[in-house]
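got a predicted structure here, sequence first:
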Amino acid sequence: MLAEDDTRCTHLAADGVAALRRETFHPCHGPSLRPAIRDLLGAEADARDIPAVIGILRHSLPALSVRDQFRDTGVPTFLINGRLGGRFQPVRDLALRLLPSLEVVDLPGGLAINVERADLFVSSAMAFLERHANGS
């Protein structure tokens, strides 16, 4: 486990929802979300079981990396990226370096691009699926 993740777990254990709301992935930090959607998603996030969140950080995330196997992906792969999701952009770039056949579409929005611009998200996903409908 990274020291940074251990610190996050310590803060979550001590401060609960307040610490969860400080996490950059919390919907309250989604400036592109409509206020009603941000409030709804924020309330859902706030209702998460803090020990479960800590468990995910401590036990699941460290073991989830497929970085070494990613380049071996043999099926069409698509990433719909909200280009305003600043912390994700290096991951987007890494994914493209590791899997040059990766198809990427960059849309105007943040990490919750599927919510912020559902119209563009769906049309992008459908276009990708149609291009590969026959296993091509």
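That came in fine, so what should we check first?

give me the domain ranges for this structure.
3-63, 67-131 (automatic domain parsing).

make TSV out of the ones you listed and add mean pLDDT and mean neighbour count.
All C-beta spots, glycine's among them, are computed from the backbone N, C-alpha and C. Listed next are the domains of the chain as TSV, based on pLDDT from 0 to 100; neighbours: other C-beta atoms under 10 Å:
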stretch	mean pLDDT	mean neighbour count
domain 3-63	91	14
domain 67-131	92	15
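
show me where this protein has its strands.
78-82, 103-107 (DSSP state E).

out of those strands, nearest to residue 67?
strand 78-82 (14.8 Å; C-beta to C-beta).

wait, residue 28 touches residue 40, no?
No: counting by C-beta atoms under 8 Å, residue 28 sits too far from residue 40 to count as a contact (11.4 Å).

tell me where the chain has helices.
3-15, 17-22, 35-46, 50-55, 67-70, 89-98, 113-116, 118-131 (DSSP state H).

output the longest one as PDB, restricted to C-alpha atoms.
Listed in PDB are the C-alpha atoms of helix 118-131, where the atom choice follows Å, rounded to 0.1, in the frame of the first residue of the first chain:
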ATOM      1  CA  ALA A 118     -24.500  11.800 -21.200                       C
ATOM      2  CA  ASP A 119     -25.500  12.800 -24.800                       C
ATOM      3  CA  LEU A 120     -21.800  12.800 -26.000                       C
ATOM      4  CA  PHE A 121     -20.900   9.800 -23.800                       C
ATOM      5  CA  VAL A 122     -23.700   7.700 -25.300                       C
ATOM      6  CA  SER A 123     -23.100   8.800 -28.900                       C
ATOM      7  CA  SER A 124     -19.400   8.100 -28.500                       C
ATOM      8  CA  ALA A 125     -20.000   4.600 -27.000                       C
ATOM      9  CA  MET A 126     -22.600   3.700 -29.600                       C
ATOM     10  CA  ALA A 127     -20.200   4.800 -32.500                       C
ATOM     11  CA  PHE A 128     -17.500   2.600 -31.000                       C
ATOM     12  CA  LEU A 129     -19.800  -0.400 -30.600                       C
ATOM     13  CA  GLU A 130     -21.200   0.000 -34.100                       C
ATOM     14  CA  ARG A 131     -17.600   0.100 -35.600                       C
END
